[in-house]
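Peer 1: okay, sequence plus prediction incoming.
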Amino acid sequence: MTVYLVRRLIQALFVVLAMSLIVFIGVYAIGDPVEILISPDADQIERERAIRALGLDLPLWQQYLVFLTNALQGDLGRSFVFNEPALRLILQRMPATLELAFGATFLALLIGLPLGLYAGLRPNSPASKTIMAGSILGFSLPTFWVGLMLIMVFAVQLGWLPSTGRGETCSVLGFIGITPCSSGVQWSFLTTDGLAHMVMPAINLALFKISLVIRLTRAGVRETMLMDYVKFARAKGLSPARVTFVHVFKNILIPVVTVVGLELGSTIAFSVVTESVFAWPGMGKLIIDSINVLDRPVIVAYLMIIVLMFITINLVVDLTYSLLDPRVRLENKGT
Amino acid sequence: MSQSAIGEAAPAAPRKDKVETPFRRFVSEFAESKVALLGLVVFAIIAIIAILAPWIAPQNPYDLAQLDIMDGRLEPGSRNGSDTFNYLLGTDDQGRDMLSGIMYGLRISLTVGAGSALIACIVGASLGLLAAYVGKRTDTVIMRLVDLQLSFPSILVALMILAFLGKGVMNVVIALVIVEWAYYARTVRGTALVERRREYIEAAQCLALPTHRIMFRHLLPNCLPPLIVIATMQVARAIALEATLSFLGLGVPITEPSLGLLIANGYEYMLSGKYWISFYPGIALLVTIVSINLMGDQLRDVLNPRLKK
Amino acid sequence: MKRNLRRPKAAAIAIAATGLALAAGHARAQTATIAVGAPVTSLDPHYHQLSPNNAVSDTIFDRLVNTDARARQIPGLATEWRVVEPTVWEFKLRPNVRFQNGNAFTAEDVAFTIGRLPNVPNSPSSYAAYARPIERIEIVDPLTIRFHTREPYPLLPLDMTNVRIIDKETAESATTEDFNSLRAAIGTGPYRAVSHRNGDRIEFERFDGYWGDRAPFQRVNYRMITNDAARTAALLAGDVDLIDQVPTSDLAKLRADNRVHLSETTGLRLIFLGLDHLRQANESSPFITDNDGKPLGRNPLQDVRVRRALSMAIDRRAIVDRIMEGAATPANQFLPEGVFGFVADLPAPAYDPDGAKRLLAEAGYPNGFRIQLNGPNDRYINDSRIIQAVGQMWTRIGVRTAVEAQPWTTFVGRAGRSEYSAFLIGWGSNPDGSHPLRNIMATVNRDRGWGASNRGRYSNPQVDALLLQSLSEMDEAKREQQVIEGMRIAMTDVGVIPLHIQTNIWAARRGFEHTPRNDELTRAQDLRPAAR
């Protein structure tokens, strides 16, 4: 087990290294950050100064070496745009995105699993068919469009929910009353106002996931119900509930866990559209803004963090496999 | 959706015709579901419209000479400026006939959506199978590539493709394939890891069958159900992702709008009541995706070896 | 007794009740929320030259020379300024001005500020250019300061409208981060910043010691909502009181909605088409071919008749009406009427497709040619729609036009390297004709700092000569004549094809009144409760 983890760690380092290299080359190919950031009336002397100030006057490989040297000392560079450490910028935005992503995933499981189970157990009932047809809506409409419709209906027309933004926040310690609300990491799910602001973006993000979970669950249930061991369990006279929740449920979890894991990851990393439609100050908005102005230090740092996160998620998923299904043995992989 | 109930799949009604080729069996099983047939018919109509668009559309929406901004944002049913035909579904801001735009847009969206999903599926599923079956180094390399790819934002991929290859429909397909293959690889590998430990694979291995045969004839069919779920959804997702890229200005060329780009263009007019610019392309997109998924649902059940033991 | 006691008590209750009601009404009017479309990147007024940053800086800080809503120079921290000698400008400073931390404002602060401009580390677009003409600063007394320039420099007051004055004591060793964390963000402006969440929101509070008119609100929330539709929706939902950059697609609806009203003014930003002047008459331009798609072997854009034809073929009125929903003015020069350097007798070219065809035939292209028109799709209002419309119009005179739009990120670099034959771009001018002349129309010249945004590489010795004279002409009337003449020559030669000048539009909820500015800045002090 330890050997396995160490090996994965070493692999992770290589992946992160590869990521930083690709981003360096990619951003270099896309365009020149100075052209984008500089005031249009800056003269040539000023442009040259800016290029030097951002360290872009060196050949690309030297820029990369400088970056690596600094990275080894824990410095991932300063944002070209904000002149603040890239890492700090990202960490500042992280809580907003995390709570949104977990909120959406939670919604997806909460709604998707029961509906999927039902549709799988009673595939021919009208309700199941409605569920399945409805689930198609969840992934066929573009996110930005649904987002605006939500705002139009629930904020503009009905006035039930705030239209955009993050609302009031509070820290966990502040919530329990130990410290003032404003000190520490800020979460909006701890205040009513914050929760109200979260509802629409979370639903917007969750729609696709709900459909996905419904469909995966249904497919899994339908298949598992035909398995010998399920038939055997039923024959043995176990209660339908026990059959469903112990025998069937455990088996359908593998694809669900895989996909939900991935989805959680990509939601954390790239809820770009939802965050910009709802003006949610999270990492997704940061990365799209950074890409638009080619703020390389932020892009590199961000993607390095994200790749680490995905590696971790995938590791957890792999470990979950072996917990859920003893037939998958860790030793057989990655050796 | 699917009509084949659990009970039905049990002693599968032995209809031993003279020649029961796998294809015939497939067709007859597929046809068991009326809804799936409906999906097929609708999809066929859509495909025909898309293919015949240049001959049946009232206007060539890609030819700037045929557009006139003076005809911009006309309501459905308005007469065109040169008094030759009616804009049945209205026009967009460039004076593009929405009906023609949708017909041509279907072509682009289907090419982009289905094309990228198919290529990504083949590439991703093969790599996923390979990783699960061969294991060891191969697995490591492929899965770390997956990690890398999953962490790479589609916007950045699209921008890099734009910088390297320029604008164009094919380049959007390439970008989408690069973005999507990892999902397939990851899903297939997950299932295949479980399957390869099952008895039938061990049996096949004992028979010393060639690796590729075991992988594609034995392992793959058993990994299909989740794969098809993902694939039918990914067609939809690819089309939606293309719409999102267009929304961000990274999609297909503006003079060759896909459904997604039409929706993204009309999106800005949603607040001002000019609903038709994004509503009708939206409906077209929805119908297309629903029909694909109706077929996909049945396909999944038919192709699932375990549902017809 | 009892009766006597009772009455005052009832009265007191009544008074208290009205008082409460008043207080409630008052509290509502005391706070305003503004949503802007472009994110502010820093509260350091000298870190990044960017309109959103300047708007916020203007709220917290002051300039020696302020500008009014029409971009005219008005006294700011300086009450008057004059030319002492051709190379010496003297500024009299406003007495009794205090910074938001209580420090007095003096000439030392001005000298310190000018000294800081070139020394802001890591700045991606600094304000150093405004310090460069100044050779020496002389503090005559605490309220008089003289700038000695290397050469006669008429633009110094204009430059000073771009420099926000900071407090020497607070900012002596302050970094950009100190400004962002608000420690050093101390100015003399009408509001002070009390909280700042990067790229999300800034909260302002009234500065009661402000030297000018008292700020109308106790608190102003300044939010950044970059998505156009979401910004409009936030206004309609009543979550914000003012939005800027109102999308043209929402104009019709908002005009009809009596919950909101628009404030608009002609801006200083021209949208125009740049043309390839880099390739000589006998070279092929990269995106121009003959009608069969083969290289042409010559650059038709070197012929002024072709350039004029392309300009005449554009129906500017149609673009303004149909694409811009009226939110622009057709133009044939960089500045709107009333701004220094406006050329009075240079109206927008009339739409004349037949004349354009004749000119093309005269120039040797009776059947036209093929061209690709490039442009950004995320930079200017309706940019990708405009190039499609121009494509339609050019195609109609026989110049078959392909249109390609891409994000600014990839577009601007290629445009800067003159890789395009024709491209759409915009220019937001300082309110002085020499500004676009020097940056866009002048021959590219590193030593003079000219033509930095001359992406088509236009070059005309007559224009250059007039510009050179004007840049050291201390007589304003003569200087304006030189600028006007230079602009007239460049525009008659169709160095670029101007399309329209954008109208800047804000929308406010009823009960709020906003003064629109032609420099596009959205500033907290321009919003007031509506007078009833």
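Peer 2: Yep, it's here.

Peer 1: number of nearby residues for the closest residue to A:L109 other than its chain neighbours?
Peer 2: Distances taken as Cβ to Cβ, 6 or more residues apart in numbering or on different chains place A:V213 nearest to A:L109, at 6.3 Å, with adjacent residues excluded. Yep, even glycine has a C-beta here, placed from its N, CA and C like the rest. Per other Cβ atoms under 10 Å in any protein chain shown, the neighbour tally for A:V213 reads 28.

Peer 1: remind me what whichever strand or helix holds A:V213 packs against, helices and strands.
Peer 2: In the assignment (DSSP states H and E), A:V213 maps to helix A:192-224. Packing partners of helix A:192-224 (3 or more Cβ pairs under 8 Å, 6 or more residues apart in numbering or on different chains; DSSP states H and E): helix A:86-121, helix A:126-140, helix A:143-150, helix A:249-270, helix A:272-277, helix B:220-247.

Peer 1: give the contact list for the residue nearest to A:L109.
Peer 2: By Cβ atoms under 8 Å, 6 or more residues apart in numbering or on different chains, the contact set of A:V213 is A:A108, A:L109, A:I111, A:G112, A:L113, A:G116, A:V256, A:V259, A:V260.

Peer 1: what's the most distant pair in these?
Peer 2: Greatest spatial distance in the contacts of A:V213: A:I111 and A:V259, 15.4 Å, computed using Cβ to Cβ.

Peer 1: what segments of the stretch 401-532 of chain C are strands?
Peer 2: Under the criterion DSSP state E, counting those that start in this stretch, the stretch 401-532 of chain C contains strands at C:422-428, C:496-509, C:512-514, C:527-529.

Peer 1: want to throw the ones you listed into JSON lines with distance to A:S266, mean neighbour count and mean pLDDT?
Peer 2: Converted to JSON lines, these look like this (distance: least, Cβ to Cβ, whole Å; neighbours: other Cβ atoms under 10 Å in any protein chain shown; pLDDT from 0 to 100):
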{"stretch": "strand C:422-428", "distance to A:S266": "35", "mean neighbour count": "23", "mean pLDDT": "95"}
{"stretch": "strand C:496-509", "distance to A:S266": "36", "mean neighbour count": "24", "mean pLDDT": "96"}
{"stretch": "strand C:512-514", "distance to A:S266": "41", "mean neighbour count": "21", "mean pLDDT": "94"}
{"stretch": "strand C:527-529", "distance to A:S266": "40", "mean neighbour count": "18", "mean pLDDT": "94"}
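
Peer 1: a markdown table please, covering those strands and showing distance to chain B.
Peer 2: As requested, these are arranged in a markdown table below (distance: least, Cβ to the nearest Cβ, whole Å):
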| stretch | distance to chain B |
| --- | --- |
| strand C:422-428 | 12 |
| strand C:496-509 | 12 |
| strand C:512-514 | 20 |
| strand C:527-529 | 23 |
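
Peer 1: so which residues on the stretch 51-200 of chain A come close to chain B?
Peer 2: With Cβ under 8 Å from any Cβ of the partner chain as the criterion, the stretch 51-200 of chain A comes near chain B at residues A:123-124, A:128-129, A:132-133, A:136-137, A:139-145, A:148-149, A:152.

Peer 1: state whether C:T266 is indeed within a strand.
Peer 2: Yes - assessed by DSSP: H, G, I helix; E, B strand; the rest coil, C:T266 belongs to a strand.

Peer 1: in contact with the closest residue to it other than its chain neighbours: list those residues for me.
Peer 2: Excluding the flanking residues, the one nearest C:T266 by Cβ to Cβ, 6+ apart is C:P336, at 4.7 Å. If you count contacts by Cβ under 8 Å, 6+ apart, C:P336 has them with C:T266, C:G267, C:L268, C:T329, C:F342, C:I501, C:N518.

Peer 1: filter those residues to the buried ones?
Peer 2: By neighbour count, with 16 or more other Cβ atoms under 10 Å in any protein chain shown, the contacts of C:P336 hold C:T266, C:G267, C:L268, C:T329, C:F342, C:I501, C:N518 as buried.

Peer 1: check contacts around the nearest residue to the second one once chain neighbours are set aside.
Peer 2: Closest residue to C:G267 in three dimensions, ignoring its sequence neighbours and counting by Cβ to Cβ, 6+ apart: C:N504, at 4.3 Å. By Cβ under 8 Å, 6+ apart, C:N504 lies in contact with C:D244, C:E264, C:T265, C:T266, C:G267, C:P516, C:R517, C:N518, C:E520.

Peer 1: repeat for C:N96
Peer 2: C:W211.

Peer 1: helix or strand for it, which one?
Peer 2: Applying DSSP H and E, one finds C:N96 in no helix or strand.

Peer 1: distance of it relative to A:F144?
Peer 2: Distance, C:N96 to A:F144, using Cβ to Cβ, to the nearest Å: 53 Å.

Peer 1: related to what we said a few turns ago, now the residue nearest to A:L109: how far from chain B?
Peer 2: To chain B, A:V213 is 11 Å away according to Cβ to the nearest Cβ, to the nearest Å.

Peer 1: tell me the predicted confidence for that residue.
Peer 2: You'll see A:V213 listed with a pLDDT of 88.

Peer 1: up against chain C, what does the stretch 201-335 of chain A have?
Peer 2: A:S276, A:V277, A:F278, A:A279, A:P281, A:K285, A:L286, A:D289, A:I291, A:N292, A:V293, A:L294.
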